[in-house]
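A.B. asks: Based on what follows, work out the 3D shape:
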Amino acid sequence: MKIAVLAGGRSTERNVSFSSGYRITNALREKGHEATFIDLFLGYDLAGKAPVSAFDDANTSKDLKISDAILTDADINALRSDGSTELFGPNVLAICKEADIVFLALHGGDGENGKVQAVLDLNNIKYTGSSSTASGITMNKVYSKEIMLYHGIQTAAFIEYTRDQGATGHVLPFAYPVVVKPTSGGSSVGTHIVHDADELENSLNDVFRFDNSAIVEEFTPGREFSLGVVNGHAFPAIEIQVHDGWYDFEHKFQPGHTDFVTPPHDLDDDVHQEMKDVAVQTMKVLGMQNYGRIDFFANDGGVWVIEANNLPGMTPLSLLPQEAEAEGVAYPDLVESIVEGKLALYESGMNN
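C.D. replies: Numbers count the residues shown, from 1 in each chain. Modelled structure (predicted):
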């Protein structure tokens with residue numbers, strides 16, 4: 001198959017997306033597919049050739065190291081030499097139209113929030129992952145948590161503050177410590193554990209650099225897990241054990257800071273099964289399809305959903321590939337199963 005792998009874009013998680021995209025592209029080629037890597041925002045230079053020629057280009061990189069830099073809109077916009085801030089760079093849509101399917105290796109912001117999916121839908125282009133509507137709901141932590149609570153899925157209490165409300169003078173409905181993060185974001189960019197009102201103000205100001213809205217959650221202590229679901233199958237959970245601090249951007253993407261244990265040690269079988277069941281249920285109520293990942297805390301109060309991820313990371317340190325490997329599913333097979341699973345949904349008419 002001809003498969004276009006879209007990565008990069010205009011998200012704060014742009015650099016993480018590159019690592020996922022390079023690895024996915026190489027895996028698809030290993031499985032015999034004609035895969036090409038495309039930066040969504042910077043586009044692709046066809047040099048006068050037809051769009052289909054992009055699938056002959058072995059343009060991936062062996063360097064999968066992820067930069068620690070947190071990119072703002074201004075940083076990303078400066079990358080375009082033509083001064084344009086359009087999300088789709090030159091020739092992107094033309095190449096995607098030549099593909100049998102597009103593998104979305106995008107993370108955060110524009111990529112996971114449904115905008116890219118909507119454009120592809122309007123152009124009758126097939127793509128991996130969830131629909132535009134489900135992606136938008138899942139990416140917004142306020143919307144997704146409200147839906148979870150409606151369906152009886154346990155998640156931390158929360159309150160939302162918007163940029164126009166400012167960062168000062170807020171009285172929380174629950175006690176400190178709390179977790180502050182962008183309402184629509186990922187990879188822990190802009191996320192803080194806050195212990196008092198002064199820290200809350202500083203954290204909200206930081207969040208408003210990346211998002212117009214911040215979600216403040218009651219802190220949930222416990223062991224931290226993540227569990228991936230691919231084509232309806234729940235993989236074994238993975239436990240996240242940080243060496244110090246908490247599971248922030250550095251711990252997620254730089255080696256040597258975190259231990260990942262799958263299947264988890266000393267986790268009651270009933271709790272593990274509950275986690276799998278809740279992961280599948282969460283994806284269902286949010287309308288997610290094909291694949292995703294649900295993050296959890298577990299304590300004496302049960303299993304708590306932190307958030308859902310509709311385009312989970314596929315980097316060397318990402319959680320879903322490690323879970324699949326623990327069950328004997330090699331990375332190239334995992335990637336191909338995602339493609340085949342979404343194509344089956346298209347063929348059945350169940351792709352929305």
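
A.B. asks: partner residues bridging the residue nearest to Pro312 when sequence neighbours are not counted?
C.D. replies: Leaving aside its chain neighbours, Pro312 sits nearest to Arg293 (3.8 Å; criterion: CB to CB, 6 or more residues apart in numbering). Any C-beta I mention is one placed from the backbone N, CA and C, and that applies to glycine too. Beta-bridge partners recorded for Arg293 (DSSP bridges): Gly228, Asn309.

A.B. asks: Wait, Arg293 touches Val230, no?
C.D. replies: No: using CB atoms under 8 Å, Arg293 is not in contact with Val230, being 9.5 Å away.

A.B. asks: Can you work out which residues contact both of these two?
C.D. replies: Both Arg293 and Val230 are contacted by Leu320, under the criterion CB atoms under 8 Å, 6 or more residues apart in numbering.

A.B. asks: okay but Ala4 is in contact with Ala105, surely?
C.D. replies: No: using CB under 8 Å, Ala4 is not in contact with Ala105; the gap is 10.2 Å.

A.B. asks: and those two? which has more neighbours close in?
C.D. replies: Using other CB atoms under 10 Å, the more surrounded residue of Ala4 and Ala105 is Ala105, with 31 against 27.

A.B. asks: any idea how far Ser84 is from the residue located most distally from the centre of the chain?
C.D. replies: Computed with CA atoms, centre = their mean, the residue of the chain farthest from its C-alpha average is Gly48, at 34.3 Å. For Gly48, the distance to Ser84 equals 20 Å [CB to CB, to the nearest Å].

A.B. asks: Can you show me the helices along the stretch 101-250 of the chain?
C.D. replies: 109-112, 115-122, 132-139, 141-150, 197-207, 249-253 (DSSP state H, counting those that start in this stretch).

A.B. asks: Mind pulling the model confidence for the nearest residue to Gln289 once chain neighbours are set aside?
C.D. replies: Of all residues not flanking Gln289 in the chain, Ser130 sits nearest, at 4.9 Å (CB to CB, 6+ apart). Note for Ser130: predicted pLDDT of 97.

A.B. asks: Compute the number of surrounding residues for Ser130.
C.D. replies: Neighbour count of Ser130, defined by other CB under 10 Å: 30.

A.B. asks: and the gap between it and Ile215?
C.D. replies: Separation of Ser130 from Ile215 (CB to CB): 21 Å.

A.B. asks: same deal with Glu224?
C.D. replies: As judged by CB to CB, Glu224 and Ile215 stand 18 Å apart.

A.B. asks: Repeat that for Tyr150.
C.D. replies: 17 Å.

A.B. asks: With Val305 instead?
C.D. replies: For Val305, the distance to Ile215 - CB to CB - is 14 Å.

A.B. asks: next one: Asp196
C.D. replies: Distance from Asp196 to Ile215, by CB to CB: 18 Å.

A.B. asks: More neighbours: which of these two?
C.D. replies: A side-by-side neighbour count of Asp196 and Ile215, using other CB under 10 Å, places Ile215 first with 25 against 10.

A.B. asks: That one contacts Glu160, doesn't it?
C.D. replies: Yes: between Ile215 and Glu160 there is a contact under CB under 8 Å: 5.5 Å.

A.B. asks: Now list whatever residues contact both of the two.
C.D. replies: Taking CB under 8 Å, 6+ apart as the contact rule, Ile215 and Glu160 both touch Val142, Thr183.

A.B. asks: For stretch 315-331, which residues meet the burial criterion?
C.D. replies: Neighbour-count burial for stretch 315-331 flags 315-324, 326, 329, 331 (criterion: 16 or more other CB atoms under 10 Å).

A.B. asks: Of Arg293 and Val230, which one has the most company?
C.D. replies: Neighbours per residue (other CB under 10 Å) separate Arg293 from Val230, with Arg293 holding more: 25 against 20.

A.B. asks: now that one: how far from Thr282?
C.D. replies: From Arg293 across to Thr282, the span is 10 Å (CB to CB).

A.B. asks: OK, contacts around the residue lying closest to Asn205 once chain neighbours are set aside?
C.D. replies: Take Asn205 and drop its neighbours on the chain: the residue closest to it by CB to CB, 6+ apart is Ala167, 4.7 Å away. Ala167 makes contact with Tyr161, Leu200, Glu201, Asn202, Leu204, Asn205, Phe208, according to CB under 8 Å, 6+ apart.

A.B. asks: so what's the backbone phi/psi at the closest residue to the third one other than its chain neighbours?
C.D. replies: If the residues on either side of it in the chain are set aside, Glu201 comes closest to Ala167, at 4.8 Å by CB to CB, 6+ apart. For Ala167, the backbone dihedrals are phi -110, psi 0 (criterion: degrees, to the nearest 10).

A.B. asks: ok, now Phe18?
C.D. replies: phi -60, psi -50.

A.B. asks: count of residues packed around it?
C.D. replies: By other CB under 10 Å, the residues close to Phe18 number 25.

A.B. asks: Give me the pLDDT value at it.
C.D. replies: The per-residue pLDDT reported for Phe18 equals 90.

A.B. asks: Make sure it is actually in contact with Ala7.
C.D. replies: Yes: applying CB under 8 Å, one finds Phe18 in contact with Ala7, separated by 5.5 Å.
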